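**Student:** what follows is a protein structure lacking sequence information:
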Ligand SMILES: NC(=O)c1ccc[n+]([C@@H]2O[C@H](COP(=O)([O-])OP(=O)(O)OC[C@H]3O[C@@H](n4cnc5c(N)ncnc54)[C@H](OP(=O)(O)O)[C@@H]3O)[C@@H](O)[C@H]2O)c1
C-alpha cells in the first residue's frame, strides 16, 4: 500500500512516500480502508519528536482518519466489514490502510461524508469536552477563544456558540477571523492590530467567564486578565511553542481557576460524563449543527505539504489528506 513514512525525526520534509506492506491485523482491531485523514498540529510534533509521547521510527504519521472497514479481527463486537467509521490513533493514518482498535472507532452517521468525519474527531472532541466538562460553560456565558482560526480554536468557537455562549474570537488574520465569524463568533479581535489586553478590555467590557487557549505564549496572560470572578482559563495546547508563565497572584486576586485538558486521559476515562458528551457531539454532527471547516484538501502524495501548512500555523480550521474517493 502507499503510505507516508517517517524514518527520522525532523520537520515535515523528513516524511517520504513509500510502498509498504499493510499493517498486521491484531486481536480486538479492525482494518480500515482510509478515505480521508485530517492533519492535526500534534502530527507535526510527533514527526519532530516534540510531542509528549514519542513514536519510535520508522512510523507512518497521521492520527485521525475516516474510511470503511475491510476486515475484523477476533475480539471485536459491534463492527462489521462495510461499516463506515472514523477514529484516531497515535500514528498510521496517512496510508491507504490503517489497523485500529475497535474501541477508538465511531460509526459515521448517515449523510455525513468521510472528509467531514475525518476532520471532526480530535478538534471538536477537544473543544467540546473542554467547554462542556472542564469549563462547565453555561448558556449566556462570555467565552474568549485564542487561536480561533485553528482546528481546535474554530471548533471551540462553533461549539461555544452552540452551547449558548457569546464568543470573542482572537486570531492573527482577517481570514481566520472571518472563518470564526461564520461559525458563530460575535466579537473579532486581530491581536496584530494592537495590544490584546487593551482590545479585550474594549470589547469584552463585563469580563469573560471562560478562556479556551490552544496557543500559549504571550497572548495567554492578556486573555486570563479579562476573566471575571469565578472565571475558568482552560489550557489546551501551546501551538506558539512557548509555555506561558502566569503570575499566581492573578489567580488569587481575581478568584479564577486555571484548568488543563488532555485528550488521551479524558477519553481513556470512560465516565458517564465523557460518554454523555460523546453522544451529544455525535448528535450535533449528524444534525449538521457542528462540522469542521475544511480549508484545504491535499492528496496522499502531498502529505509533506499538508503537514507543513499546519505546522506553519497557516491552516484555517482543518486540513485534510484525501487518500482516495471510494
Ligand atoms: N490538550 C489536548 O488534548 C489537545 C488536543 C488537540 C490539540 N492540542 C494542541 O492544541 C494546539 C492547537 O492545535 P490545532 O490543531 O488547533 O492547531 P492549528 O490548527 O495549527 O492552530 C493553532 C493556532 O495557533 C496559532 N499559532 C501561534 N503561533 C503559532 C506557531 N508558531 N505555529 C503554529 N501555530 C501558531 C495560530 O493562530 P494565529 O495565527 O491566530 O496566531 C494557529 O491557527 C496544539 O498545540 C495541539 O498540540 C491539544
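**Tutor:** Good, I have the coordinates. Predicted, not measured: the structure shown is a model, and the values here were computed from it. Residues are numbered from 1 along each chain as shown.

**Student:** point me to the residue of the stretch 151-300 of the chain nearest the ligand.
**Tutor:** Taking CB to the nearest ligand atom, the ligand has its nearest neighbour within the stretch 151-300 of the chain at residue 237, 2.4 Å off. From N, CA and C alone the C-beta is placed, and that goes for glycine too.

**Student:** isn't there a strand covering that residue?
**Tutor:** No. Counting by DSSP: H, G, I helix; E, B strand; the rest coil, one finds residue 237 to be coil, located in no strand.

**Student:** distance-wise, check the closest residue in space to it that isn't next to it in sequence relative to residue 54.
**Tutor:** In space, and not counting its chain neighbours, residue 237 is closest to residue 214: 4.3 Å by CB to CB, 6 or more residues apart in numbering. Counting by CB to CB, to the nearest Å, the gap from residue 214 to residue 54 is 22 Å.

**Student:** tell me the residues of the stretch 1-150 of the chain that contact the ligand?
**Tutor:** 40-42, 122-123, 126, 147, 149-150 (CB under 6 Å from any ligand atom).

**Student:** quick one: least confident helix or strand in the protein?
**Tutor:** Ranked by mean pLDDT, DSSP states H and E, the weakest helix or strand in the chain is helix 263-268, scoring a mean of 84.

**Student:** one step back: counting neighbours, which of the residues of the stretch 1-150 of the chain next to the ligand comes out on top?
**Tutor:** residue 150 (30 neighbours; other CB atoms under 10 Å).

**Student:** distance of that residue from residue 317?
**Tutor:** Between residue 150 and residue 317 the distance is 8 Å, computed by CB to CB.

**Student:** residue 215 too?
**Tutor:** Taking CB to CB, one finds residue 215 at 15 Å from residue 317.

**Student:** give me the pLDDT value at the single nearest residue of the stretch 1-150 of the chain relative to the ligand.
**Tutor:** Here the stretch 1-150 of the chain gets closest to the ligand at one residue, residue 150, 2.1 Å apart by CB to the nearest ligand atom. Listed pLDDT for residue 150 reads 94.

**Student:** got it, and residue 122?
**Tutor:** We have a pLDDT of 89 for residue 122.

**Student:** contacts only, for it.
**Tutor:** Residue 122 makes contact with 38, 40, 42, 63-64, 88, 151, 263, according to CB atoms under 8 Å, 6 or more residues apart in numbering.

**Student:** low-scoring stretches of the stretch 151-300 of the chain, by residue?
**Tutor:** Within the stretch 151-300 of the chain, no range satisfies pLDDT under 70.

**Student:** which residues in it form strands?
**Tutor:** 166-171, 187-190, 208-213, 227-235, 257-260, 294-299 (DSSP state E, counting those that start in this stretch).

**Student:** what lines up beside the fifth one in the sheet?
**Tutor:** For strand 257-260, the pairing partners within the sheet under DSSP bridges are strand 227-235 (parallel).

**Student:** likewise the last one?
**Tutor:** Strands that pair with strand 294-299, judged by DSSP bridges, come out as strand 318-322 (parallel).

**Student:** backbone phi and psi for residue 242, please?
**Tutor:** For residue 242, the backbone dihedrals (degrees, to the nearest 10) come out as phi -120, psi 120.

**Student:** now do the contacts for it.
**Tutor:** Listed by CB under 8 Å, 6+ apart, the contact set of residue 242 reads 216-218.

**Student:** and the contacts of residue 122 as TSV, adding distance to residue 297?
**Tutor:** Formatted as TSV, the contacts of residue 122 follow (distance: CB to CB, whole Å):
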residue	distance to residue 297
38	10
40	15
42	20
63	17
64	14
88	19
151	14
263	24
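
**Student:** which of those residues are buried?
**Tutor:** 38, 40, 42, 63-64, 88, 151, 263 (16 or more other CB atoms under 10 Å).

**Student:** looking at the residues you listed, which are in strands?
**Tutor:** Using DSSP state E, the subset of the buried ones among the contacts of residue 122 located in strands is 38, 64, 88.

**Student:** now those residues in CSV, please, with extra columns for pLDDT.
**Tutor:** As requested, these are exported to CSV (pLDDT from 0 to 100):
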residue, pLDDT
38, 97
64, 96
88, 93
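
**Student:** and for residue 321, the neighbour number?
**Tutor:** Residue 321: 30 neighbours (other CB under 10 Å).

**Student:** which residues touch the closest residue to residue 197 other than its chain neighbours?
**Tutor:** In this structure, residue 197 finds its nearest non-sequential neighbour in residue 222, 4.2 Å apart by CB to CB, 6+ apart. By CB under 8 Å, 6+ apart, residue 222 lies in contact with 195-197, 200.

**Student:** if we can go back for a sec, and the residue of the stretch 1-150 of the chain closest to the ligand, what is it in contact with?
**Tutor:** Per CB under 8 Å, 6+ apart, neighbours of residue 150: 41, 171, 176, 214-215, 239, 313, 315-317.
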